[in-house]
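[1] One predicted model, sequence on top.
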Amino acid sequence: GAAILFDDVGKTYPQKGAGSVMALEGISLEVPAGAITGIIGRSGAGKSTLMRMVNGLEKPTSGRITVGGRDVGAAHGAALREIRREVGMIFQHFNLLSSRTVLENVALPMEIAGVPRGQIRTRASDLVARVGLEKLANRYPAELSGGQKQRVGIARALATEPKVLLSDEATSALDPETTQTVLKLLADINRDLGLTVLLITHEMAVVRDIASHMAVIDGGRIVEAGETYDIFTTP
Ligand code: ADP
Ligand code: ADP
């Protein structure tokens, strides 16, 4: 089944002064549950807008987005918070808090969600181990490499036991070798936890390497979508 469903979604941003910017138009896409789906497109294509609508950071101007069968655009308050707990997110620039250790960064979403203190400690340690950073648990972000910071970002994104993991150019700031290790970690998590992964990137190789499904967006529209294998082997 579909973990995320875009049904004829459009998004325009109002402009200061006059007019508006069309960021997305007529987006219909099924993101299969338990798979890794890549969204590829150049800068300005609308990828981040698409991503931000999945966890309700932006509302669609038209059409509908459902996550786990629930309408994100129409969700408010507790319902929206629940959807956000089910949708973890990782970012190009990691977005870690510099005043908190690795363990404390990973614990943060659980503190916000009101998880009991004792559980937070155990779970944060488990997650730090899952991403291979147990030896660095008490270090601060400034003491870590880019790849290590992204591992913290991934562990933090998993803290609320999401069903969906969104990756917004998560490897774009990393060198090719580190990119491969982070992609491998995402693939392992997808396999071991059965998590649906939606990743956006401007790098074709990233999609080709780990995504079973993909969509290409250009100028706010989907120009191609399907199984990665079929798209890359089309004559
Ligand atoms: P991508 O992630 O593919 O680079 P974006 O979703 O960031 O694309 O942007 C798509 C289009 O929407 C661009 O024309 C961009 O300038 C515009 N846009 C994005 N966010 C905003 C915003 N908050 N206000 C106005 N225009 C925006
Ligand atoms: P298995 O039984 O196959 O080992 P589990 O579902 O029990 O897999 O998960 C193993 C570990 O991963 C547990 O510590 C669990 O809390 C954690 N876990 C399970 N699902 C998620 C998720 N969506 N996000 C983060 N951690 C998870």
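    Thanks, I have it. Ligands and ions are numbered 1, 2, ... in the order given.
[2] Arg100: neighbour count?
    15 (other CB atoms under 10 Å). Heads up, the C-betas are built off the backbone N, CA and C, glycines and all.
[3] Phe94 versus that one, what's the distance?
    Using CB to CB, to the nearest Å, Arg100 is found at 12 Å from Phe94.
[4] Find the residues that touch each one of the two.
    Between them, Arg100 and Phe94 have Pro141 as joint contacts when contacts are counted by CB atoms under 8 Å, 6 or more residues apart in numbering.
[5] what's the average pLDDT for the longest helix seen in the chain?
    Using DSSP state H, we find that the single longest helix of the chain is helix 176-193. Averaged across helix 176-193, pLDDT comes to 95.
[6] and that helix, anywhere near ligand 2?
    Yes. Applying CB under 6 Å from any ligand atom, one finds helix 176-193 touching ligand 2 at Leu193.
[7] Which strands or helices does that helix pack on?
    Judged by 3 or more CB pairs under 8 Å, 6 or more residues apart in numbering; DSSP states H and E, the packing partners of helix 176-193 are strand 36-40, helix 146-157, strand 164-168, strand 196-201, helix 204-210.
[8] Around ligand 1, pick out the residues from the protein.
    Residues of the chain that fall close to ligand 1, judged by CB under 6 Å from any ligand atom: 13, 21, 23, 41, 43-49.
[9] if we can go back for a sec, could you check the helices and strands packed on helix 176-193 and tell me which one is nearest Leu127?
    Of all the helices and strands packed on helix 176-193, helix 146-157 sits nearest to Leu127, with 4.1 Å by CB to CB.
[10] contacting residues around that closest one?
    88-91, 94-96, 102, 105-106, 108-109, 124, 127-128, 130-133, 136, 141, 144, 165, 170-171, 173-175, 178, 181-182, 185-186, 189.
[11] Mind checking which of the residues you listed are buried?
    88-91, 94, 96, 102, 105-106, 108-109, 124, 127-128, 130-131, 133, 136, 141, 144, 165, 170-171, 173-174, 178, 182, 185-186, 189 (16 or more other CB atoms under 10 Å).
[12] Not counting residues beside it along the chain, what's closest to Ile27?
    Distances taken as CB to CB, 6 or more residues apart in numbering put Val9 closest to Ile27, at 4.2 Å, once the chain neighbours are dropped.
[13] Let's check: the centremost residue of this protein is which one?
    Among the residues of the chain, the one closest to the centroid is Leu166, at 1.2 Å (CA atoms, centre = their mean).
[14] correct me, but that residue touches Glu86?
    No. At 11.0 Å, Leu166 does not count as touching Glu86 under the criterion of CB atoms under 8 Å.
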